[in-house]
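Student: here is the input, now give the coordinates:
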Amino acid sequence: MNKNDFKVTIFSLSERLFPLVVRLLGDKTKAEDAIQEIMIKLWEKRNQLENHPNIKGFVFLTARNYCLDILRKKRILVNDGEIYLNLLSDSNEHSYIESQELNEIIKEILKKLPNQQREIFIMRDLDGYEFMEIAAIMELKITNVRVLLSRARKTISIALEKTYSYERGNY
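Tutor: This is a model prediction of the structure:
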């Protein structure tokens, strides 16, 4: 794989990697550094990647594994880490406060989800990854990804309904 092929095939994915890496590492600066390191590792393996059947999946898997290695070295548990989300925002001050409240409620619900469900939900519904990409990253079959996503959405829906039913006095 020459420089131009690498640039078109692999380096072009760096922007799509960014949300995943930021979420895992929890810091934009660390994520930028990590993406540079990941690209260097992939450049060193460029000749092996040329014949890989799923280059895109391999790139995402490499990024995820690199981030998990960094977290393990620092002895940070991904499950206990802060979930960095900004799901909703509004310029109206009243709506802004409500959206911040909703963000906090959803963060708490996401913390209670099983790890795989949480990861898949965030990758699909918040980061916008395709099912094939998620399957490659998580090393699962696409059908498993769909099932886990469905379960996560159902759990979140039920938890939100309970929260709002409580707030309305319908408990």
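Student: and the residue nearest to Leu113 when sequence neighbours are not counted, what element?
Tutor: Leaving aside its chain neighbours, Leu113 sits nearest to Ala152 (5.7 Å; criterion: CB to CB, 6 or more residues apart in numbering). Yep, even glycine has a C-beta here, placed from its N, CA and C like the rest. Ala152 is part of helix 142-168, with elements assigned from DSSP states H and E.
Student: could you say what helices and strands that helix packs with?
Tutor: Contact here means 3 or more CB pairs under 8 Å, 6 or more residues apart in numbering; DSSP states H and E; on that basis helix 142-168 packs against helix 93-112, helix 115-121, helix 131-138.
Student: if we can go back for a sec, pretty sure the residue nearest to Leu113 sits against Ile120.
Tutor: Yes. Under the criterion of CB atoms under 8 Å, Ala152 makes contact with Ile120 at 6.4 Å.
Student: looking at these two, which is more packed in?
Tutor: Using other CB atoms under 10 Å, the more surrounded residue of Ala152 and Ile120 is Ile120, with 29 against 23.
Student: and the angle from the lowest-mean-pLDDT helix or strand in the chain to helix 142-168?
Tutor: Ranking every helix and strand in the chain by mean pLDDT, DSSP states H and E puts helix 93-112 at the bottom, with a mean of 78. If you take axes from the mean of the first three to the mean of the last three CA atoms, to 10 degrees, helix 93-112 sits at 130 degrees to helix 142-168.
Student: and helix 93-112, what does it pack onto?
Tutor: Looks like helix 93-112 contacts helix 115-121, helix 142-168 (3+ CB pairs under 8 Å, 6+ apart).
Student: give me that answer again for 7 Å
Tutor: helix 142-168 (3 or more CB pairs under 7 Å, 6 or more residues apart in numbering; DSSP states H and E).
Student: hang on, the earlier thing: I'd like the distance from the least confident helix or strand of the chain to the chain centre, please.
Tutor: Between the centre of helix 93-112 and the centre of its host chain there is 18 Å, according to CA atoms, centre = their mean, to the nearest Å.
Student: now could you export just the CA positions of that helix as CSV?
Tutor: Taking C-alpha atoms only, helix 93-112 is exported to CSV below (Å, rounded to 0.1, in the frame of the first residue of the first chain):
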residue,chain,number,x,y,z
GLU,A,93,-32.2,29.4,28.8
HIS,A,94,-35.2,27.5,30.1
SER,A,95,-34.8,24.7,27.5
TYR,A,96,-31.1,24.6,28.1
ILE,A,97,-31.6,23.8,31.8
GLU,A,98,-34.1,21.1,30.9
SER,A,99,-31.8,19.6,28.3
GLN,A,100,-28.9,19.6,30.8
GLU,A,101,-31.2,17.8,33.3
LEU,A,102,-32.2,15.3,30.6
ASN,A,103,-28.5,14.8,29.7
GLU,A,104,-27.8,13.9,33.4
ILE,A,105,-30.7,11.5,33.6
ILE,A,106,-29.6,9.7,30.5
LYS,A,107,-26.0,9.6,31.7
GLU,A,108,-27.2,7.9,34.9
ILE,A,109,-29.3,5.4,32.9
LEU,A,110,-26.4,4.6,30.6
LYS,A,111,-24.1,3.9,33.6
LYS,A,112,-26.5,1.2,34.7
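Student: if anything else comes up later, I'll come back, but that's it for now.
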